[in-house]
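Colleague: how would this look folded up:
(2 chains)
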Amino acid sequence: MMRTIKRLLLPTYLGFGLLYLFLPVLVVILFSFNDYQGRFNVRWQGFTLEHWLDPFRVEEIPQALGVSIVLAAVSSGIATIIGTLIALALTRYRFKGRSATNVLLFFPMATPEVVLGSSLLGLFVAMGTGAGFLTLLLAHILFIISYAVATIRARMVGFDRHLEEAAMDLYANEWDTFRKVTLPMILPGVFAAFLLGFALSLDDFVVSNFTAGTIQTYPLYVWGAARRGIPAQVNVWGTVIFVVTVTVMLLFLGAQRRRQQRLGLT
Amino acid sequence: MTAGVAAPPVVSPEGTEQAAKRRRRVPYLLLLPGLAYLFVLYVVPLIALFRMGLQSGNLVSGYEFTWEWDNFVQVFTTYRPQLLRSLLYSVSATVITLLLGYPLAYAIAFRTGRWKNLFLVLLLVPFLIPFLLRTLAWRTILADQGWVVEAMKTIGLLPEQGGRLLATGWAVLAGLVYSFLPFMVLPIYVALEKIDRSLLEAAGDLYSTPSTAFWKVTWPLSLPGVISGTLLTAIPAAGDYISVQLLGNPQETMMGNVIENKFLSVIDYPAAAAISITLMLAIVIAVIFYVRWVGTEELVT
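Modeller: The predicted model follows:
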């Protein structure tokens, strides 16, 4: 009896843990169907499909979401390219200043967002540039780079360097070796980094709050709306983001798995 | 290495030397764009912020650089409550998150067998709902007439009259713990996953009880994960201002709120800059001591 209880303790805890993690998700989705009166969508008042049938009613939301998606794609794309180059240098070469580079990469991740955001705003103020899409883009690239390097690196550590050496022995030059051997090997890591960066950018509020000027991203819209009452369309679009990102994540993991099985890595 | 085993490839010495030189340059060329970017948009802004923290003046007449160290003194006098509250919230949130997160990581690493990946995905999936919406959802869950508050009143954890969770420190802690739980669980999971299972069997063979085996084998080997996890929780928690704003009492703010307010509403740049730099330095110093104390250098590399 005692043994059974002991054995079930951890799985039960895990179950409750997951329930706790999913609770706010369920609330967000549920309240996209709430037939609420007045401005505040905080008490459950009955089921309706009204908000789902009219997702564009509050024009600011799809607009802000559009800005967020473009910003996420561009900033994560650029940060991933920069991050790939750094990861290549750190995993494939020994050079002076390697540990200093590691420290410099670690720091932005260890800096609270409010400090990152305010230091960037400080710079833009000092330089007299206004804030807008460009400053937002520069800021997002900055906070994605370190995560991109970490992600790509984690995938590169296990790779067989002999393949690259073999290509070089067969008279491939550095560029051909990179294009035909290295790149295909690291591509899943690069793609994972891009997805992570995209998600980080899409969800960022704090840094954007400091560097956006009058541009409105989706999180900035939600923040502004929180004071005057959030329309249920915010929940509708939040649910859409959730479903789309979960699907992309599962597709990516599935593709990874098939690739590993094909290459006999598992 | 023995002479005469194989003839060296026939390449002119100048050629190889040049190739070697070019090869030595490659890593620096690869690093150049990234490091230049980090320098211009991370190092320079922090220096600019520090400089701004030493300015005096006001918005109307403009700010001037006057070595105004008083701005930094103010951080420890005028803003002492916020400073202490940030520290308190950050430390409590980290401890609670560790206590809740370690068993979760342990359960996933040791008890889920071939479903491991599924559970990892389940752990991360909730965080694909936008962060602000999640925090706002907690406002709904912890609301005054909500079922959580009602249930707590029924079992006597909250007073019947005027008992509430929203706008208290507990709600802020709940928000912080929730936000950072996966940042705690993932690194601990990775560390636990790496542990060689035969070590635990060996401990068992040597008549150690499960709890001794845990404290002598599992726990020490999971420490790198615990360190990363606690840092990934404590640092952002110290700078947080969303949880306070959305869940807490507007009178009981943290450092992050003061920075946000001074920078974006009151427009008192020097004060905001001084607080921001102090927060950053406090974190750097705390991290150095913490990592020394636990004794790991793996973190950075």
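Colleague: so if we follow the domain assignment, how does chain B break up?
Modeller: According to automatic domain parsing, chain B comprises the domains B:14-52, B:79-294.
Colleague: mean neighbour count and mean pLDDT added to those domains, as CSV?
Modeller: Bear in mind the C-beta positions are built from the backbone N, C-alpha and C, glycine included. Formatted as CSV, those follow (neighbours: other CB atoms under 10 Å in any protein chain shown; pLDDT from 0 to 100):
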stretch, mean neighbour count, mean pLDDT
domain B:14-52, 16, 86
domain B:79-294, 19, 88
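Colleague: pLDDT weak spots in chain A?
Modeller: Within chain A, the stretches with pLDDT under 70 are A:1, A:158-159, A:264-266.
Colleague: nearest residue to the middle of it?
Modeller: Residue closest to the average C-alpha location in chain A (CA atoms, centre = their mean): residue A:199, at 2.2 Å.
Colleague: you'd agree it is up against residue B:128?
Modeller: Yes - here residue A:199 reaches residue B:128: they are 7.0 Å apart, a contact under CB atoms under 8 Å.
Colleague: common neighbours of the two, please.
Modeller: Listed as contacting both residue A:199 and residue B:128 by CB atoms under 8 Å, 6 or more residues apart in numbering or on different chains are residue A:245.
Colleague: ok, residue A:149 - contacts?
Modeller: The contact partners of residue A:149, by CB under 8 Å, 6+ apart, come to A:83, A:86-87, A:90, A:105, B:34.
Colleague: re earlier: now name the helix or strand holding the residue nearest to the centre of chain A.
Modeller: helix A:183-203 (DSSP states H and E).
Colleague: show me what the helix or strand following that helix is packed up against.
Modeller: Per DSSP H and E, the first helix or strand lying C-terminal to helix A:183-203 is helix A:206-211. With contacts taken as 3 or more CB pairs under 8 Å, 6 or more residues apart in numbering or on different chains; DSSP states H and E, helix A:206-211 sits against helix A:113-127, helix A:133-156, helix A:218-228.
Colleague: mind doing that once more with 6 Å?
Modeller: Counting contacts by 3 or more CB pairs under 6 Å, 6 or more residues apart in numbering or on different chains; DSSP states H and E, helix A:206-211 packs against helix A:113-127, helix A:133-156.
Colleague: buried set for the helix or strand following the longest one?
Modeller: Toward the C-terminus, helix A:133-156 is succeeded by helix A:161-169 as the next helix or strand (DSSP H and E). Buried residues in helix A:161-169, counted by 16 or more other CB atoms under 10 Å in any protein chain shown: A:164, A:167.
Colleague: what packs against helix A:161-169?
Modeller: helix A:174-177.
Colleague: which of the residues in the helix it packs on are buried?
Modeller: When neighbours are counted by 16+ other CB under 10 Å, the buried residues of helix A:174-177 are found to be residue A:177.
Colleague: that one and chain B in contact?
Modeller: No - using CB under 6 Å from any CB of the partner chain, helix A:174-177 never reaches chain B; the gap is at least 7.3 Å.
Colleague: the residue lying closest to residue B:166 once chain neighbours are set aside: what's it in contact with?
Modeller: Spatial nearest neighbour of residue B:166, chain neighbours left out: residue B:142 (5.1 Å); criterion: CB to CB, 6 or more residues apart in numbering or on different chains. If a contact means CB atoms under 6 Å, 6 or more residues apart in numbering or on different chains, then residue B:142 has B:148, B:165-166, B:171 as its contacts.
Colleague: okay, these in JSON lines with secondary structure next?
Modeller: Below are the contacts of residue B:142 laid out as JSON lines (DSSP: H, G, I helix; E, B strand; the rest coil):
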{"residue": "B:148", "secondary structure": "helix"}
{"residue": "B:165", "secondary structure": "coil"}
{"residue": "B:166", "secondary structure": "coil"}
{"residue": "B:171", "secondary structure": "helix"}
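Colleague: tell me which of those residues is nearest to residue A:182?
Modeller: Comparing the contacts of residue B:142 against residue A:182 with CB to CB places residue B:171 closest, at 49.7 Å.
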